[in-house]
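[1] Below are the sequence and a predicted model; questions follow.
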Amino acid sequence: MTTDTPDVPATDPGPRSLEELEARLARDLDLLTLPPADWVPPRDGMLDVAIVGAGMAGLTAAFALRKVGISNIRLFDRAPAGREGPWATYARMETLRSPKTLTGPALGFANLTFRAWYEAQFGRTAWDALHRIPRLQWLDYLTWYRRVTNPPVLNDTALTSLSGDGDGVALRFAGPEGLQRVRARRVILANGRDGLGGAYIPPLWRGIDKRFWAHAHEPVDFARLAGRTVAVLGAGAGAVDNAAEALEAGAARVYMLVRRPKLPRINKGLGAGHPGMVLGFHSLSDERRWAYNQYIADTGVPAPHNSMLRCSRHPNFALLTDCAVEAAEAEGEDGRLSLRTSRGAVTVDYVILATGFAVDWAQRPELAEIARHALLWRDRYVLPGKEGSDFALHPYLGPDFEFLERTPGEAPWLSRIHAFNYAAVLSHGKVTGDIPGISAGAERLADSITAALFTEDYDHHWQRLLDFETPELLGDEWTEAEDFR
């Protein structure tokens, strides 16, 4: 016996355009009945959640909240639309470090992945040939992600102050329409690598005229470096990327000066690329969480292979290890800069500090109230011998990414603010800004906020239960028996 069956392709070729991809995504959401109906009772003049930052972390957190029926939210970002995050500003790599296959902020939706977005436009053959994701193409993907998830975002709007009380958090923003006051029951700080600080400037450079140097986090006029001698300080990807930019802009000579005796070659963090670390790190003891982060910091994270080749293919590039800058002195008013290093002296025209970021509350005056009350890691635990580590200034966060009070009772509103930025790494691992773990972090954050809002509104939900009177049975579906006969 045979039956006729329709021809089914062995493999799904996938959508042939973004329109087809978006239709598939819409179908996925429809089949899953997402997003669900709002269930949080509204409060006059108050958001359920305000999200500071509309880059990858903010967008992922917003969509995770909508997946659980929390839609009274708003995102605020100081950057213009399409320039959120580092991708079009201080990030200068050609491609991302992360493998192209990582699902990133897709939150479990295959049709929301970078791969789906890429194949819909360029096809499967192009995907197979792609080695790494080009940096600006990742920004294009995030712009599309924002469009299809459609969160309410106010761009060109910077947070200027934040405080709280027993009922919520009060925020002030400066934007195109002037000063704006916002109240929210919960706040998510999804403000990136420098969210609780900024660029780390070694003490030596704080007294050197700024015409001679810039931090890699700042705008750099690379065209002005053509024909000049440039020193780049640092050992990581940022140092290599900035050195490459200077070389490609026509610098006569670029020195990459590395304090370490050897350039890092192994990315130890890749050894933690599994669900156990992503989902379980925050449950480790203080000692183990610090030790894990400190070990990776001490061993160093190397630049990607292709990034280093981008520099070394230039004959006018020189890398010197075990080369700490000990002094810098200008040679005349319009002269050059003389550097004394542990390996001798060199004269350069410009220096780029690829010295990374630090949790530095002084650089974030808008967060002064958090800084005044928040429990820090140094208040709870410091790895022996690491008292001067930057990690000591990281906030000691609770299980829901929430800030905790240094002195209980002084600022109970702190627990309403969640750090979904780099400063959470010591408490929660790399689930707040890195592509591999961003979905898991956002879903855990959304689940926590869901539980908190439900608990706070228990009386409302209890009364709603008592008041529910919609019958399943109308009374005409059966006939009551007279007795046991």
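    Cool, the structure landed. Numbers count the residues shown, from 1 in each chain.
[2] What helix or strand is the residue nearest in space to the middle of the chain located in?
    Nearest to the geometric centre of the chain sits Gly433, at 2.6 Å (CA atoms, centre = their mean). When secondary structure is defined using DSSP states H and E, no element contains Gly433, which sits outside every helix and strand.
[3] And it, how far from His131?
    As for Gly433, its distance to His131 is 23 Å (criterion: CB to CB, to the nearest Å). Every C-beta, even on glycine, is put in place using the N, C-alpha and C of the backbone.
[4] tell me which residues in stretch 99-119 are buried?
    For stretch 99-119, the buried set under the neighbour-count rule, 16 or more other CB atoms under 10 Å, comprises 102-107, 109, 111-119.
[5] before we move on, what about stretch 138-146?
    By neighbour count with 16+ other CB under 10 Å, stretch 138-146 contains the buried residues Trp138, Leu139, Asp140, Tyr141, Leu142, Trp144, Tyr145, Arg146.
[6] Pick out the most distant pair among the buried residues of stretch 99-119.
    Distance extremes for the buried residues of stretch 99-119: the farthest pair is Leu107 and Glu119 at 18.9 Å, using CB to CB.
[7] Now intersect the buried residues of stretch 138-146 with the helices, please.
    Applying DSSP state H to the buried residues of stretch 138-146, the entries found in helices are Trp138, Leu139, Asp140, Tyr141, Leu142, Trp144, Tyr145, Arg146.
[8] Which of the buried residues of stretch 138-146 sits closest to Gly335?
    Ranked by distance to Gly335 (CB to CB), the buried residues of stretch 138-146 are led by Leu139 at 39.3 Å.
[9] Disregarding residues adjacent in the polypeptide, which is nearest to the closest one?
    Nearest non-adjacent residue to Leu139, counting by CB to CB, 6 or more residues apart in numbering: Trp87, 3.9 Å away.
[10] So what's the residue count around the one you found?
    Neighbour count for Trp87, taken as other CB atoms under 10 Å: 22.
[11] ok, now Val258?
    By the other CB under 10 Å criterion, the neighbourhood of Val258 contains 22 residues.
[12] contacting residues around Ala371?
    For Ala371, the contacting residues are Trp361, Arg364, by CB atoms under 8 Å, 6 or more residues apart in numbering.
[13] Wait, a helix at it?
    Yes: assessed with DSSP: H, G, I helix; E, B strand; the rest coil, Ala371 lies in a helix.
[14] show me what contacts Ser163?
    Contacts for Ser163 were tallied using CB under 8 Å, 6+ apart; they are Val169, Ala170, Glu369, Trp413.
[15] List the buried residues in stretch 350-370.
    Of the residues in stretch 350-370, those buried by neighbour count under the rule 16+ other CB under 10 Å are 350-361, 363-364, 366-367, 369-370.
[16] Sort out for me which of those residues are in helices.
    Cross-referencing those against helices under DSSP H gives Glu369, Ile370.
[17] who's in contact with the helix or strand bottoming out on mean pLDDT in the chain?
    Across the helices and strands of the chain, mean confidence by mean pLDDT, DSSP states H and E is lowest for helix 275-280: a mean of 91. Under the contact criterion CB under 8 Å, 6+ apart, helix 275-280 has outside partners Gly429, Lys430, Val431, Pro436, Gly437, Ala440, Gly441.
[18] Same question for stretch 358-369.
    Outside of stretch 358-369, the residues that reach it under the criterion CB under 8 Å, 6+ apart are 158-164, 194-200, 370-371, 390, 393-395, 411, 423.
[19] Any chance of a PyMOL selection covering the buried ones in those?
    Once 16+ other CB under 10 Å is used to decide burial, the buried members of those can be selected in PyMOL as follows:
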select buried, resi 159+161+162+164+194+195+196+197+198+199+200+370+371+390+393+394+395+411+423
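[20] can I see the domain layout of the chain?
    Described in terms of automatic domain parsing, the domain architecture of the chain consists of the residue ranges 18-196+359-461, 201-265+302-355.
[21] Would you tell me which of those gets closest to Arg288?
    Among these, the nearest to Arg288 by CB to CB is domain 18-196+359-461 (10.2 Å).
[22] just checking, next helix/strand downstream of the host helix or strand of Ala64?
    When secondary structure is defined by DSSP H and E, Ala64 falls within helix 56-67. Reading on from helix 56-67 to the C-terminus, the next helix or strand found by DSSP H and E is strand 73-76.
[23] Which strands or helices does the following helix or strand past that next one pack on?
    Scanning the chain past strand 73-76 towards its C-terminal end, the next helix or strand to appear is helix 114-122 (assignment: DSSP H and E). In terms of contacts (3 or more CB pairs under 8 Å, 6 or more residues apart in numbering; DSSP states H and E), helix 114-122 is packed against helix 18-31, helix 124-129, helix 135-149.
[24] Do you have the strands of the stretch 201-350 of the chain handy? List them.
    Under the criterion DSSP state E, counting those that start in this stretch, the stretch 201-350 of the chain carries strands at the ranges 213-215, 229-233, 253-257, 317-320, 325-330, 337-341, 344-348, 350-353.
[25] what's the closest residue to Ala252 other than its chain neighbours in contact with, if anything?
    When the adjacent residues along the chain are set aside, Ala252 lies closest to Gly227, with 5.3 Å between them (CB to CB, 6+ apart). Taking CB under 8 Å, 6+ apart as the contact definition, Gly227 lies against Gly250, Ala251, Ala252.
[26] The last one reaches Ala246, doesn't it?
    No: with the criterion set as CB atoms under 8 Å, Ala252 and Ala246 do not qualify as a contacting pair; they are 9.8 Å apart.
[27] Please identify which of those two sits among more neighbours.
    Taking other CB under 10 Å, Ala252 and Ala246 do not tie; Ala246 has more neighbours (30 against 14).
[28] so how far is Phe357 from that one?
    Ala246 sits 21 Å away from Phe357 when distances are taken as CB to CB.
[29] ok and the strand ranked longest in the chain relative to helix 56-67, angle-wise?
    Across the chain, the strand with the greatest residue count (assigned by DSSP state E) is strand 178-189. Here strand 178-189 runs at an angle of 80 degrees relative to helix 56-67 (axes from the mean of the first three to the mean of the last three CA atoms, to 10 degrees).
[30] so how far is strand 178-189 off the chain centroid?
    With CA atoms, centre = their mean, to the nearest Å as the basis, strand 178-189 stands 20 Å off its chain's centre.
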